[in-house]
Every structure is written in C-alpha cells, then in structure tokens.
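Peer 1: okay, predicted coordinates and the sequence, questions at the end:
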Amino acid sequence: MGNVPPPPPPPPPPAAGEITKRRKRTPTTVGEIAKRRKRNSEIKSSRSSLTNYIDSLPDELLLRILLQLPAEDLYDTARFVSNKWRKLIRDFVREHLHRSTPGLVVQSASLPPIFLTARLGRIEKLDFEYDFGEKWSSCNGLIVGFDAKKNALYVSNPEINKRVSLPQSFHRMYGYGIAYAPASTEYKVVHSFLVANKTPHVQGCAVLTLGDDSSWRGLSIGHLSHASKHILNCTPFTTEGFMHWTYGDYTRVLTLNVEREIITEQSIPDGCVGRSKYYFPTERSLTLLVERSELSWDVWELEPETGEWTKLPTIDLELQRDEFENSEKLPVPIGWLNDKEVLVFQFFRTRRLLFLYNIRKRELEFLEVDYVCTLSHFYRSSLVWFG
C-alpha cells in the first residue's frame, strides 16, 4: 500500500479576546441552567419595567411623542410597544382622519399633481410628490391602482409610505375602486372584469376585504339590466359606505352598498337626457351637474340608500360673465371642495387657469397652475392602514 499522509494538525486555540463563530455553549449543570434562567428573567423584568414606565405617562405626553415620529413608524414599531400604545395609535389615526381636510387632486400628463383644499375660507394649493398614475381610486387616504408589471392591483398610502399588492384576478380587470364600510370598519376593494373566452362575453364583478380575504369573491349582478352592466367598466366614484358607477351620457347609475355587498340600479333625474352632465363625489354623496346654459347648471344629489335624487340650488354664473370675457373658452366644472361649498372649474382650451366659485358667498377666485390639467380626483390625506 502507498504511504498514507499524516492527518492535518489541529487548529490553534483562539487568541485571548478573539471572537469566534462557535455556537454558544448550552448550559449543562444545574447551576448554569439556574444562572441562565435568572438572567433571562432579569431581561424580561427590565423590559416590563420600561413598558410599565412608558404606559404610566399621561396620554397627552404620549401623543406628543407620537407626533415626533415619522408616520411609517406608527405601524412599523410604535404600535408594538404595548397594548396601550396600540390603542392610542388607533385613536390617534382616527382623530387625524377626522381632522384632515379633503380636497381635489389635479393632475397633468407630465408634472407632479397639485392638491387643492379650502381651509378657513382660504384656498390652498400644495404640491403632491406622488405618482398616482392615470387610473386610480381612493378612500380615506388609501389608494388603489394597477401594477402592470405584476398584473395585479395594489393598495398604498403615500403619507405613511406603505404599499401592498393584492391577489391576482383570473380575469382581465377594468374598473376598480375602494370604499369603507362604517358598521364593520372594513375597507373593501372592488373590480369589474370580462371573461373574454366565452361567447357571449360574461361581465362580472368581484370584491376583496382588506386584511381578511386572501382571494376575490364574486358579486351578484344578474339582476342588473344588460345595458347597465357595461357601466361597471368605468372607475367608480367612492362616497361614505358606497361606490357608484356611471359616466358621461349614461342614463343609469349603479350603486354598491359596501356593507351589504349589494348593487342596485337607478335612473338619472327626468329632463337630464341629452344635456352635458358631470358627476362629482363628496364625502357623503354623489352629485350630478346638468348644463342649463353656458354658465348655469342644475345640481342633483343622490340618496344612495333609496336611489332618489334631490334637487339642489342651481349654480348660475351669468352675472359674472364679464369675468370670462378674455378667456378662449367658457369654464367646465371639475370637482367640489369642502362638501359642496366651492366648485372648481377649468377652461377647456386655456387649461392653465382654474377658477373656484364659492357657492354661499357667490365669489370667484382665479388660480394659475403650471400645466394643462387632465384629471381631477377627490382625495383625503390620512394615516390609515389595515392589518
């Protein structure tokens, strides 16, 4: 047999103070086990004492601490400090939502959007550094959009820098939106779809409860008229507890009760067919503006529970006609501020200029913008998240 090489020498012992990657030695004697348990107990006791000390602070002081934290830390770290902090943060987020001022996000094709609000009788214009995309829906600060790379919807809140993808749908999605169900305190996302491999094509609608559902659930639409089902392809308007589908020259409105998950069908008011129409949501209701003349509009408000329309005072700007004599085109309404207190208009050709009409005061205010306005959405900033 050939020569067998000698075994390699054993590794030298680590130098004093040298850090090794050896696993910690498991205590074997009764004394070592007792020491380890005592040390763990002291660590837990120290943590418990710190938590008890923090919980003993007055709520007013804790709220001041929370106000100093980045918004995303409320969910990533702070709410895990203790049960008291979790409840305090929940109440803080609810109060923040209640006190936040809703407004109108005005978008262009190339520049960042602006956010218009009406606070204490003054109009404020703020830059909004967030890419909403061309098609999106929002409710209480939560935004639903479509991620083309993942072929799936997502939910985000830019205020707390959070975003999560939703389960993929088995069908091609069209209109989608998000709404809040007050009784169950749940947020639900809805999307319509078309089953294209069937003849005739099958229209459908699905819902997903954020934080609870892992897959989409179908909504019943068999009771809807054939013509109205196509309205589901539009992006819905969101109001408190409801979603509404309609657009342009459609003579029907579909309304989803988010709590009960039932869709109903309503006709638009008599006398509105064949006239230019504009649908705008507020926090609590869907409104319809119907053009009477170049500078006047009938205003209707939908009661979602009953499907009945209520006539509101007509908006008439004929007395302010001289204000528009230098414009190339007459104004077009694009949305409400402050729950039907202020109506925002743009000019069809000279779109770099907006004007705002205070309904109660009957006052006009002009506002210059840096771009051509292409889209406008009702929006409310918040710290809301789910899960």
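Peer 2: That came through, no problem. Numbering: from 1, shown residues only.
Peer 1: any weak-confidence spans in the protein?
Peer 2: Under the criterion pLDDT under 70, the flagged ranges of the chain are 1-57, 65-81, 196-202, 325-329, 348-351, 371-372, 387.
Peer 1: could you report the neighbour count for Asp127?
Peer 2: Asp127 has 11 neighbours, counted by other CB atoms under 10 Å. Heads up, the C-betas are built off the backbone N, CA and C, glycines and all.
Peer 1: partners of it in the sheet?
Peer 2: Counting by DSSP bridges, Asp127 is bridged to Ile114.
Peer 1: do I have it right that it meets Pro112?
Peer 2: Yes: using CB atoms under 8 Å, Asp127 is in contact with Pro112, at 6.0 Å.
Peer 1: ok, now how distant is the most centrally placed residue in the chain from Gln168?
Peer 2: The C-alpha lying nearest the average C-alpha coordinate of the chain belongs to Leu142 (CA atoms, centre = their mean; 2.0 Å). Distance, Leu142 to Gln168, by CB to CB, to the nearest Å: 19 Å.
Peer 1: start and end of stretch 130-143, how far apart?
Peer 2: Taking CA to CA, to the nearest Å, the first and last residues of stretch 130-143 lie 11 Å apart.
Peer 1: how about residues contacting it?
Peer 2: Residues outside stretch 130-143 that contact it (CB atoms under 8 Å, 6 or more residues apart in numbering) are 97, 100, 105, 107, 112-113, 144-146, 155-159, 176-180, 187, 235-236, 238, 375, 377-386.
Peer 1: among these, which are located in strands?
Peer 2: Among those, the residues falling in strands (DSSP state E) are 105, 107, 144-146, 155-157, 176-180, 187, 238, 375, 377-379.
Peer 1: where do the helices sit along the stretch 101-250 of the chain?
Peer 2: Ranges of helices within the stretch 101-250 of the chain are 226-229, based on DSSP state H, counting those that start in this stretch.
Peer 1: write the ChimeraX selection for whichever of the contacts of stretch 130-143 are buried.
Peer 2: To isolate the buried ones among the contacts of stretch 130-143 in ChimeraX, judged by 16 or more other CB atoms under 10 Å, type:
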select :100,105,107,113,144,145,146,155,156,157,158,159,176,177,178,179,180,187,235,236,238,375,377,378,379,380,381,382,383,384,385,386
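Peer 1: OK, contacts around the nearest residue to Tyr247 once chain neighbours are set aside?
Peer 2: Closest residue to Tyr247 apart from its sequence neighbours, by CB to CB, 6 or more residues apart in numbering: Cys234 at 4.5 Å. Remark: with contacts taken as CB under 8 Å, 6+ apart, Cys234 is in contact with Gly175, Trp245, Thr246, Tyr247.
Peer 1: can you check Ser267 too?
Peer 2: Here Ser267 is in contact with Thr251, Arg252, Val253 (CB under 8 Å, 6+ apart).
Peer 1: go again with 10 Å.
Peer 2: Counting by CB atoms under 10 Å, 6 or more residues apart in numbering, Ser267 touches Ser228, Thr251, Arg252, Val253, Val273, Gly307, Trp309.
Peer 1: can you give me phi and psi for the second one?
Peer 2: Backbone dihedrals for Thr251, given as degrees, to the nearest 10, come out at phi -100, psi 10.
Peer 1: and it, how far is that from Val164?
Peer 2: As judged by CB to CB, Thr251 and Val164 stand 38 Å apart.
Peer 1: also the third one?
Peer 2: Separation of Arg252 from Val164 (CB to CB) stands at 34 Å.
Peer 1: looking at these two, which one has more neighbours?
Peer 2: Arg252 (16 against 13).
Peer 1: quick one, strands of the stretch 1-150 of the chain?
Peer 2: Applying DSSP state E, counting those that start in this stretch to the stretch 1-150 of the chain gives strands spanning 103-107, 114-119, 122-127, 137-139, 142-147.
Peer 1: what helices or strands is the first one leaning on?
Peer 2: Other helices and strands packing on strand 103-107, by 3 or more CB pairs under 10 Å, 6 or more residues apart in numbering; DSSP states H and E, are strand 114-119, strand 122-127, strand 331-337, strand 342-347, strand 353-358, strand 375-379.
Peer 1: nearest to Glu323 among these would be which one?
Peer 2: strand 353-358 (7.8 Å; CB to CB).
Peer 1: distance of Asp147 from Met173?
Peer 2: 11 Å.
Peer 1: quick one: end-to-end distance for stretch 221-230.
Peer 2: One end of stretch 221-230 sits 11 Å from the other (CA to CA).
Peer 1: follow-up on the earlier one: mutual contacts of Asp127 and Pro112, please.
Peer 2: With CB under 10 Å, 6+ apart as the test, Asp127 and Pro112 both reach Asp370.
Peer 1: what's the closest non-adjacent residue to Phe366?
Peer 2: Phe366 sits nearest to Phe355 (CB to CB, 6+ apart), 4.8 Å away.
Peer 1: kindly state the beta-bridge partners for the one you found.
Peer 2: Applying DSSP bridges to Phe355 yields these beta-bridge partners: Phe345, Phe366.
Peer 1: ok, now how distant is it from Leu120?
Peer 2: Separation of Phe355 from Leu120 (CB to CB) stands at 20 Å.
Peer 1: compare these two and say which is more crowded by neighbours.
Peer 2: Phe355 (19 against 6).
Peer 1: which residues does that one contact?
Peer 2: Contact partners of Phe355, counting by CB under 10 Å, 6+ apart, are 317, 320, 323-324, 327, 331, 343-347, 364-367.
Peer 1: any idea what the residue nearest to the centre of the chain is bridged to?
Peer 2: Beta bridges link Leu142 to Cys139, judged by DSSP bridges.
Peer 1: kindly report the same for Ile263.
Peer 2: For Ile263, the beta-bridge partners under DSSP bridges are Leu256.
Peer 1: isn't Thr264 up against Ser220?
Peer 2: No: shown here, Thr264 and Ser220 do not form a contact pair, counting by CB atoms under 10 Å, at 11.2 Å.
Peer 1: ok, now which ones touch Leu364?
Peer 2: Leu317, Gln320, Glu323, Phe324, Pro331, Phe345, Phe355, Leu356, Tyr357, Asn358.
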